[in-house]
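Peer 1: Sequence and predicted structure, then a few things I'm wondering about:
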Amino acid sequence: MNILEKIYEENLKICSLANSSIKEDIRIQKDNIALKIVALLPFIACCDNPTANSLLNINTFFFVSDSKLKHYFFHNVSNNRNLFSRLSAFFSFWGGNKKTIQQGMLLLSLIMIQDYYYDKQIDIATKKYNPFNTKCWNFHKIKKYILSNIVETSIVFKYFNLQEVLAQKYWWKEI
């Protein structure tokens with residue numbers, strides 16, 4: 001286990017102790033790549049006070065995904081203008097290497113659009129807004145844009161595998 005994996009485990013433990021209601025969610029989501037990115041990017045990007053950033057991001061991840069609250073945070077028309085608007089509203093990175101943070105945000109955006117794309121039919125059935133169903137966004141164009149801006153020599157790719165990110169088709173792992 002490398003140092004970042006130890007930090008990740010420790011920060012998940014701290015969050016579950018501080019908020020026992022997310023303990024089971026942490027167990028289920030532990031291998032979720034999106035969660036790992038928001039938790040570890042503050043360390044990878046050498047942010048100011050990376051532990052505080054990480055803990056805030058972990059708790060925000062669970063807060064906006066909570067079954068009783070998530071409808072407040074669903075994608076809406078105002079999020080269509082900027083691919084990163086939803087993610088930057090939720091996750092904070094104080095200081096740090098901006099290019100490294102950008103690479104991490106591209107990976108998160110890739111997971112987000114894949115989740116939207118693979119939820120298209122479910123979202124139609126549940127009448128949930130989805131920018132791909134309204135044709136405001138084009139999955140293949142956005143994915144191509146993201147992939148064309150990813151720099152696989154970035155330090156982010158020392159910790160995250162692009163193929164694993166591409167294989168994850170969900171933001172929140174349902175059981």
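Peer 2: That came through fine. Numbers count the residues shown, from 1 in each chain.

Peer 1: Quick one: neighbours of L41, just the number.
Peer 2: L41 has 27 neighbours, counted by other Cβ atoms under 10 Å. Just so you know, the C-beta spots here come from the backbone N, C-alpha and C atoms, and that holds for glycine as well.

Peer 1: Could you report the distance from the residue lying closest to S154 once chain neighbours are set aside to G95?
Peer 2: The spatial neighbour of S154 that comes closest, neighbours along the chain excluded (Cβ to Cβ, 6 or more residues apart in numbering), is Q103 at 4.3 Å. Plainly put, Q103 is 16 Å away from G95 if you go by Cβ to Cβ, to the nearest Å.

Peer 1: Neighbour count for those two, which is higher?
Peer 2: The residue with more neighbours, out of Q103 and G95, is Q103; 24 against 14, by other Cβ under 10 Å.

Peer 1: Please name the residues that touch that one.
Peer 2: Contacts here follow Cβ atoms under 8 Å, 6 or more residues apart in numbering; on that basis Q103 touches 150-151, 154, 156-157.

Peer 1: ChimeraX command for the buried members of the residues you listed?
Peer 2: This is how ChimeraX selects the buried members of the contacts of Q103, with burial counted by 16 or more other Cβ atoms under 10 Å:
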select :150,154,156
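
Peer 1: which one among the contacts of Q103 gets closest to S65?
Peer 2: Within those, the smallest distance to S65 is 22.4 Å, found for V156 (Cβ to Cβ).
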